[in-house]
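Undergrad: build me a model from this:
(chains A and B)
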Amino acid sequence: MNRPGWLIVAAAALLMGGCASVEPWVKPYERDRLADPIMSFERDPIMASYRRHVFDVREAARGAAGGSGGGCGCN
Amino acid sequence: MHAVVAGGLALLTQAVAAQVLPDDRLDLLYHFYDGGGMTIDGPSLLVRRQIGSSVSVSAGYTVDSISGASIDVVTTASPYKEKRTEISAGVDYLRGSTLLGLTYTNSEENDYTANTFGVSVSQEIFGGMTTISMGYIRGFDEVGRSDNPDFSEDIDRHSWRLGLTQVLTRNLIAEVAFETISDEGFLNLPYRQVRFVDPESATGFSWEPEVYPNTRTSNAVALRSRLHLPFRAALQTDYRYYFDSWGIDAHTAEIGYTHGVLDRWTFDVGYRYYRQSGADFFSDLFPFQEAQNFRSRWKEISAFDSHAFRVGVNYEFMAERRGFVERSAVGLSFERIFYDYSDFRDLRADADPGEEPTYSFEANVMQFMLSVWF
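TA: Okay, here's the model as predicted:
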């Protein structure tokens, strides 16, 4: 592996090592409110998807509009 | 060195909390849009079912029936589509704290076909505090003309997505999303025309076909948050910044409030603001014929802003399991949108070329949904 390649690997390893020491400051049993469906980024996918379509076809902007599938670690 | 990397990767993947597959549910939707002289309505169906403990499959079907005539049709008599059908299918595979997804969508109109394939992966880390997600979407579009069956052109689309969701406090969760999309091919709208100043015409202007670049690359970054408030309420704030290689930039900002009442009722209100600049090659009236290489008079890429106000209500009418049905709900939402164009003029008015009033219109969007969880 060339020198920049090693540097990237070393940086990634350091970053991961640093991250691993982070303790979850919101414990799983404290996530009841986050798990409430009203907190969802997309509560009803069929309605959200249609609404995105309504705006998408009339606007130039596109992308990063949700539905990325992120969770809240509530379960 | 390899051991360090391997150790780091192991820590990254041994997240404590596990992701879950989406709920098993069946959604039936009726949607209605009325605005700018057009009415679009139709049904939509989405069903999702788990198979075993780690796989979930989904299928969707949507129909848009279009009637009426938009401002472009009124002023240039260009044809418009009468019906669009969309089918979609997806598979999600859950392994520990990793969720893998595959999707396929097909959209058909009498003169346009779009096929889209997507792959995504999301991973929970730090005890479920953080979720990172990545996705790649590949699209193949086929552009036709309803008045010329021999006409066929292609568009190739690539889209890359990156997302990060973060639990910030017991009451606050935020998401950052980035997406870059690149299109290559026939990006023209085959029927559309631009107008140019023509002293020899009785109206003072004439029409010629639009010409678009054959590539477009866009970037969008969004920041979203959900804050839980006392009395089972939630505050939504969303912002997105967009820019592309056609010279358009846009801001989208949204705020929403959700309130749950007596377990069964959920009320929503929201406001959305959108503003975009026009494409470099947009003009309502070009100074002469073939004034520049690329030219467009498509209002969707002109400068405008819009305000949208929405209200919604959900009612869970069956909260206990009966047979195979776990619970059921109905939802109704209404949104009123005001569009106000800066450079696109309304040619129905009797005025000198370039002096017509700018165009604006209002639209009503209604959705009625029936959902069954099973």
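Undergrad: residues near the residue in the stretch 1-150 of chain B that chain A sits nearest to, how many?
TA: Residue nearest to chain A within the stretch 1-150 of chain B (C-beta to the nearest C-beta): B:Gly128, separated by 2.3 Å. In this view, the C-beta of every residue, glycine as well, is placed from N, C-alpha and C. The burial count assigned to B:Gly128 is 25, neighbours taken as other C-beta atoms under 10 Å in any protein chain shown.
Undergrad: and it, that's in a helix?
TA: No - assessed with DSSP: H, G, I helix; E, B strand; the rest coil, B:Gly128 is coil; it does not lie in a helix.
Undergrad: B:Thr203: what secondary structure?
TA: For B:Thr203, the assignment made with three-state DSSP gives coil.
Undergrad: would you mind confirming that it is in contact with B:Asp352?
TA: No - B:Thr203 is not in contact with B:Asp352 according to C-beta atoms under 8 Å; the separation is 9.7 Å.
Undergrad: could you pull out the strands in the stretch 251-374 of chain B for me?
TA: Here the stretch 251-374 of chain B has its strands, by DSSP state E, counting those that start in this stretch, at B:265-276, B:304-318, B:327-345, B:358-373.
Undergrad: for chain A, what spans make up the helices?
TA: When secondary structure is read from DSSP state H, chain A shows helices at A:3-20, A:32-35, A:45-56.
Undergrad: low-confidence ranges, chain A, go.
TA: Low-confidence regions of chain A, defined here as pLDDT under 70, cover residues A:1-22, A:67-75.
Undergrad: at 80 what do you get?
TA: Scanning chain A for pLDDT under 80 picks out the ranges A:1-23, A:66-75.
Undergrad: ok, the closest residue to B:Arg345 other than its chain neighbours - contacts?
TA: With sequence-adjacent residues excluded and distances taken as C-beta to C-beta, 6 or more residues apart in numbering or on different chains, B:Arg345 is closest to B:Glu356, at 4.0 Å. Residues in contact with B:Glu356 (C-beta atoms under 8 Å, 6 or more residues apart in numbering or on different chains) are B:Arg345, B:Asp346, B:Leu347, B:Ala349.
Undergrad: what of B:Phe368?
TA: Under the criterion of C-beta under 8 Å, 6+ apart, the contact list for B:Phe368 reads B:Leu29, B:Tyr30, B:Val330, B:Gly331, B:Leu332.
Undergrad: buried sites along the one helix or strand B:Gly118 maps to?
TA: Assigned by DSSP states H and E, B:Gly118 belongs to strand B:112-125. Applying a neighbour-count criterion of 16 or more other C-beta atoms under 10 Å in any protein chain shown, the buried positions in strand B:112-125 are B:Tyr112, B:Ala114, B:Thr116, B:Gly118, B:Ser120, B:Ser122, B:Gln123, B:Glu124, B:Ile125.
Undergrad: state the mean pLDDT of it.
TA: Strand B:112-125 carries an average pLDDT of 95.
Undergrad: in its sheet, what does the next helix or strand after that strand sit against?
TA: Sequence-wise, the next helix or strand beyond strand B:112-125 is strand B:130-145, with elements assigned using DSSP H and E. Counting by DSSP bridges, the strands paired with strand B:130-145 are strand B:112-125 (antiparallel), strand B:148-169 (antiparallel).
Undergrad: export strand B:130-145 to PDB, keeping only CA atoms.
TA: Presented in PDB, the C-alpha positions along strand B:130-145 are these (Å, rounded to 0.1, in the frame of the first residue of the first chain):
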ATOM      1  CA  THR B 130     -26.100   7.000  15.700                       C
ATOM      2  CA  THR B 131     -27.300   5.500  12.500                       C
ATOM      3  CA  ILE B 132     -25.300   5.900   9.300                       C
ATOM      4  CA  SER B 133     -26.900   5.100   6.000                       C
ATOM      5  CA  MET B 134     -25.700   5.000   2.400                       C
ATOM      6  CA  GLY B 135     -27.500   4.400  -0.800                       C
ATOM      7  CA  TYR B 136     -26.900   4.200  -4.600                       C
ATOM      8  CA  ILE B 137     -29.700   4.600  -7.100                       C
ATOM      9  CA  ARG B 138     -29.500   3.900 -10.800                       C
ATOM     10  CA  GLY B 139     -32.100   5.100 -13.200                       C
ATOM     11  CA  PHE B 140     -32.900   4.400 -16.800                       C
ATOM     12  CA  ASP B 141     -35.400   6.700 -18.500                       C
ATOM     13  CA  GLU B 142     -36.900   6.500 -21.900                       C
ATOM     14  CA  VAL B 143     -38.300   9.700 -23.400                       C
ATOM     15  CA  GLY B 144     -40.900   9.400 -26.200                       C
ATOM     16  CA  ARG B 145     -43.300  11.500 -28.100                       C
END
